[in-house]
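Undergrad: mind looking at a prediction? Sequence and model below.
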Amino acid sequence: MEILVCARRVPDTSENEIELNSAGNDIERDELVYSINEPDNYAVEEALQITAKVGGQVTVVTVGGEDDEEILRREMAMGANQGVLISDDAFQGSDGKGIATILKAFVQKGKYDLILTGVQADDGGAQVGGMLAAMLDYPFAALVNSIEVLDGKKLKVGREIAGGNREMNEIDLPCVLSIQTGINEPRYVGMRGIRAVASVPIPTHGASDLGVDPGAVGKAAARVKRVDYFVPALGKGAEMLRGSREENVDKVLELVAAKGGLK
Amino acid sequence: MARIFAFIAHKGGAPDDTAAELIAAAKKIDAAASPTAIVLGWGAELDAVCATLRASYTEVWKIAHETFAYPNAELIRKALVKVLPAGAIVLVPHEHFGIDLAPGLSIKLNAAFVSDVVAIEGVEGSDLKVVRQEFGGQVSAHVRCDLSSGAVVTIRPGAFKPLESAAVNGNVVDKSAEIGVLAAGRRYLETVIAEAGDVDITKFNVLVSIGRGIQEKDNVAIAQELADALGAAVSCSRPVVDAKWLEKSRQVGSSGKTVKPKVYLACGISGSFQHLAGIKGSPFLIAINKNAKAPIFQVADVGIVDDILEFLPELTNKVRELRRVA
C-alpha cells in the first residue's frame, strides 16, 4: 500500500510557554522549540505499521520552508521511505483551503492508496484532511483511532466519538483519514537515526512543478485570515498561592478538608 | 445578510444542547437573524427532534432518509449540498461529527471555512470577525472570514450561552425529496462502547487528576499514593492515555468521562477545553502546574505554580500525618 502522510512542523506546546510578542500581533517566536505536530507523528507511525504488515511505501510531505525539512528527516529516521518538501513564496499565507489545494496537486502527481493527516495542529483548524478528501472526491473519516486493512480495496477504521466510545466504519480506498493521538505508540527516534538520514536528498516542489495556480493559493486567495493574537481577560482566574511549598501543602490540605474531600 | 443555517446534532429523538447555542451564535452574526434549523435523520426520532426545535426555531428543514438513522458525514454532506442555497452561512457544532462533516462541506459549497469558534464579534464589510483559541488555549486569535460566497463555521460547544427567548411556533419544511440518490465510500458498522475499566472515576468525591506534567509512567504512582491517602481516585487528561500510562477509562474530557466530584486536583494539566468539558458540577478546582501561563489557572479556584513531582509527595505525607493524628 502506498501511503502519503501530510505533516507539519509546529511550536511544541509541551516544550514552550506560548506568549505574545512585544508588539502584541503574533506569538513570540524567538527561541521557540518546534517539533512535528503530535497527531502527524502518530499518523506516520500508523503508516509504518500498515506497510510493515501489507507492504508498500510511506511518503511524508509538508508544505513550508527549509526549516521544515527537520521534521521530514525525523520521520524518515522513524522509517518513512521518503520526505518531500513543498515550498514556494506563492504558498505563504495560505489558509486551510489553500494548503489542501496545494496537497491535492501533489497527490495527483503520484498514486497513493491512503492519505493520512493528523487530526489537528495546535494552531490549526482540523480542516485540511477533510478538505483534501472533498477536493479529490475520496471518502474521509476524521478522528481515526484504529485502522485494519481488510483487503486491497477497503479498510475498517474506528473513529473517536463522545464518551470514549468508538464508531466503526468500513471505508473504500483510496481515502483520506485524519489520525487521532493515542492510535499507537510512536517509536522512539534517536540521534543516530537522525544522523543516518541527514544527507538523504529531500525533493522540493514549487507551484510550477505541481501545476498550482499561484492565484488560487497564498495570502491573496485566503478567505480566512488571522488578524492578531491576544490573551483574553478571562474571569477572575485562580487565587494563586504564593507561599513556600510547605505552606501551600498545608493550605491545599485545609481546602480539600473544607470542601468535604477528607472523609 | 446571507441566510444562516444551524446544523442540528441530535440523539435518541432529542436535539443536542448545541441546537440552542447555535441560535445564540447566529444572533452574534446578525442580531436580526432568525436561523433555519437543518436536521437530518429518520423515522419517529427525526419527527420528535423537529417537534422540539419548532419551539425555538422559526423554520426547521427536515431531511429524512433511511441511511441517516446513524449519521454518515459523507452522505449528509451530499444531502446538504443539494438543499443549501448559494452563499449560505452554515453553523455546525465543533464536535466529533462536525469535525467529520464541516471541512468537506465547505469545499463542496465553495464556502469559506473557519473552525472551533469561541466568540463572534460581528460583521465588518464582507468579513465575519471571530475569535479562536490556539496552542491549547494559551493564546486567542482574532480571525476574519470572508462571507461573500458563504461560510461554514464550526462553533465550540458550550461557548455560546443559549438565549432566553419566548417560544416560537416554527414551521417544519420537509426537504427530503430534494436530496436525490446518495452513495458513500464509507459505511457505518457499529459503535463499540468504551470499556468500564477497573475504577469508576465518576463515583469519587475527590479526583487526583494528572496530565502531561506527570512526565513518565513510573510517576503515576506518586498520584496514586496521594489518591490512596485521600480516599480518592486517579483520573487524567488525554496525553496520559495517549502515552498508555493509564487506561482510557480514567480520562476526563469530551472524548472520555464526565465527572462531578466535590474537589478536583488538576496536577500538571494544562486545561484544554476538551478536558474541562468533562468536569461538571463546579467542583472546587485546585491546579498545580509548573507553567504559570497554563490555561488551567484561568478556571481554577486555587492555583499553585510548582512541580507536581515534588509537591504531591509532600501533600501525601501531610495527609498521612493528619490521618494518623485523627
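TA: Sure, I can see it.

Undergrad: just for chain B, where's the confidence low?
TA: B:326 (pLDDT under 70).

Undergrad: identify the single longest strand in the chain, thanks.
TA: Just so you know, I chose chain A. Longest strand in chain A, counting residues (DSSP state E): strand A:140-149.

Undergrad: my bad, the chain I had in mind was chain B
TA: Secondary structure of chain B per DSSP E: the longest strand is strand B:112-124.

Undergrad: tell me the buried residues in that strand?
TA: If you call a residue buried by 16 or more other C-beta atoms under 10 Å in any protein chain shown, then strand B:112-124 has these buried ones: B:112-120, B:123. In short, each C-beta sits where N, CA and C put it, glycine included.

Undergrad: in those, find the pair that's most separated.
TA: B:116 and B:123 (19.3 Å; C-beta to C-beta).

Undergrad: which secondary structure elements does the longest helix anywhere in chain A contact?
TA: Under DSSP state H, the helix in chain A containing the largest number of residues is helix A:38-54. Judged by 3 or more C-beta pairs under 8 Å, 6 or more residues apart in numbering or on different chains; DSSP states H and E, the packing partners of helix A:38-54 are strand A:2-6, strand A:57-63, helix A:69-78, strand A:114-118, strand A:140-149, strand A:175-179.

Undergrad: before we move on, the earlier item: tell me which of the buried residues of strand B:112-124 is nearest to residue A:182?
TA: Using C-beta to C-beta, these come closest to residue A:182 at residue B:116, 19.9 Å.

Undergrad: distance of the closest residue to that closest one other than its chain neighbours relative to residue A:12?
TA: Using C-beta to C-beta, 6 or more residues apart in numbering or on different chains and skipping the chain neighbours, the partner closest in space to residue B:116 is residue B:94 (4.6 Å). Distance of residue B:94 to residue A:12, given as C-beta to C-beta, to the nearest Å: 24 Å.

Undergrad: more neighbours: which of those two?
TA: Legend: neighbour count by other C-beta atoms under 10 Å in any protein chain shown for residue B:94 and residue A:12, higher for residue B:94 (23 against 17).

Undergrad: where does the more buried one fall, phi/psi-wise?
TA: Backbone torsions of residue B:94, given as degrees, to the nearest 10, read phi -90, psi 80.

Undergrad: where's it relative to residue B:278, distance?
TA: For residue B:94, the distance to residue B:278 - C-beta to C-beta - is 16 Å.

Undergrad: picking that back up, packing partners for the longest strand of chain A?
TA: So strand A:140-149, by 3+ C-beta pairs under 8 Å, 6+ apart, packs with helix A:38-54, helix A:128-136, strand A:154-160, strand A:166-172, strand A:175-179, helix B:73-83, helix B:96-108.

Undergrad: out of the ones you listed, the one nearest residue A:250 is which?
TA: helix A:38-54 (37.4 Å).

Undergrad: average pLDDT across the closest one?
TA: Helix A:38-54 comes out with an average pLDDT of 98.

Undergrad: and it, which residues are buried?
TA: Residues of helix A:38-54 classed as buried: A:38-51 (neighbour count, 16+ other C-beta under 10 Å).

Undergrad: tell me, how many residues neighbour residue B:200?
TA: Count around residue B:200 with other C-beta under 10 Å applied: 13.

Undergrad: what's the domain layout of chain B?
TA: Domain assignment for chain B by automatic domain parsing gives B:4-178, B:201-325.

Undergrad: output those as CSV; include the columns distance to residue A:57.
TA: Output for these, formatted as CSV (distance: least, C-beta to C-beta, whole Å):
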stretch, distance to residue A:57
domain B:4-178, 27
domain B:201-325, 27
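
Undergrad: residues contacting residue B:16?
TA: Residues in contact with residue B:16, defined by C-beta atoms under 8 Å, 6 or more residues apart in numbering or on different chains, are B:8-10, B:93.

Undergrad: and it, how close does it get to chain A?
TA: Using C-beta to the nearest C-beta, to the nearest Å, residue B:16 is found at 10 Å from chain A.

Undergrad: what does the stretch 1-150 of chain B put close to chain A?
TA: Contact residues, the stretch 1-150 of chain B versus chain A (C-beta under 8 Å from any C-beta of the partner chain): B:73-74, B:77, B:95-97, B:99-108, B:112-116, B:131-132, B:134-136, B:138-146, B:149.

Undergrad: which of those count as buried?
TA: B:73-74, B:77, B:95-97, B:99-108, B:112-116, B:131-132, B:134-136, B:138-146.

Undergrad: can you give me the helices in chain B?
TA: For chain B, the helices defined by DSSP H occupy B:18-29, B:43-53, B:73-83, B:96-108, B:220-230, B:238-242, B:273-276, B:296-299, B:308-325.

Undergrad: now the second one: buried residues?
TA: This points to helix B:43-53. Residues of helix B:43-53 classed as buried: B:45-46, B:48-50, B:52-53 (neighbour count, 16+ other C-beta under 10 Å).

Undergrad: pull the CA atoms of it into PDB?
TA: Below are the C-alpha coordinates for helix B:43-53, written out as PDB (Å, rounded to 0.1, in the frame of the first residue of the first chain):
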ATOM      1  CA  GLY B  43     -38.400   8.000  11.400                       C
ATOM      2  CA  ALA B  44     -40.000   8.900  14.700                       C
ATOM      3  CA  GLU B  45     -36.800  10.200  16.200                       C
ATOM      4  CA  LEU B  46     -36.400  12.700  13.500                       C
ATOM      5  CA  ASP B  47     -40.000  13.800  13.900                       C
ATOM      6  CA  ALA B  48     -39.500  14.200  17.700                       C
ATOM      7  CA  VAL B  49     -36.400  16.400  17.100                       C
ATOM      8  CA  CYS B  50     -38.300  18.600  14.700                       C
ATOM      9  CA  ALA B  51     -41.200  18.900  17.000                       C
ATOM     10  CA  THR B  52     -38.900  20.100  19.800                       C
ATOM     11  CA  LEU B  53     -37.000  22.500  17.600                       C
END
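
Undergrad: chain center to that helix: distance?
TA: A distance of 23 Å separates the C-alpha centroid of helix B:43-53 from that of its chain, computed with C-alpha atoms, centre = their mean, to the nearest Å.

Undergrad: correct me, but residue B:303 touches residue B:287?
TA: Yes - Residue B:303 lies in contact with residue B:287 (C-beta atoms under 8 Å); the separation is 4.7 Å.

Undergrad: looking at the two, which is more packed in?
TA: Per other C-beta under 10 Å, whichever of residue B:303 and residue B:287 has more neighbours is residue B:287, with 27 against 24.

Undergrad: list the contacts for the more buried one?
TA: A:238, B:266, B:269, B:271, B:294, B:296-297, B:300, B:302-304 are the contacts of residue B:287 under C-beta under 8 Å, 6+ apart.

Undergrad: chain neighbours aside, what residue packs nearest to it?
TA: Using C-beta to C-beta, 6+ apart, the nearest residue to residue B:287 is residue B:300, at 3.7 Å.

Undergrad: number of residues surrounding the one you found?
TA: Residues lying near residue B:300 (other C-beta under 10 Å) number 25.

Undergrad: isn't it up against residue B:284?
TA: No - judged on C-beta under 8 Å, residue B:300 makes no contact with residue B:284 at a distance of 9.2 Å.

Undergrad: residue contacts, residue B:184?
TA: Applying C-beta under 8 Å, 6+ apart to residue B:184 gives the contacts A:139, B:72, B:74-75, B:78.
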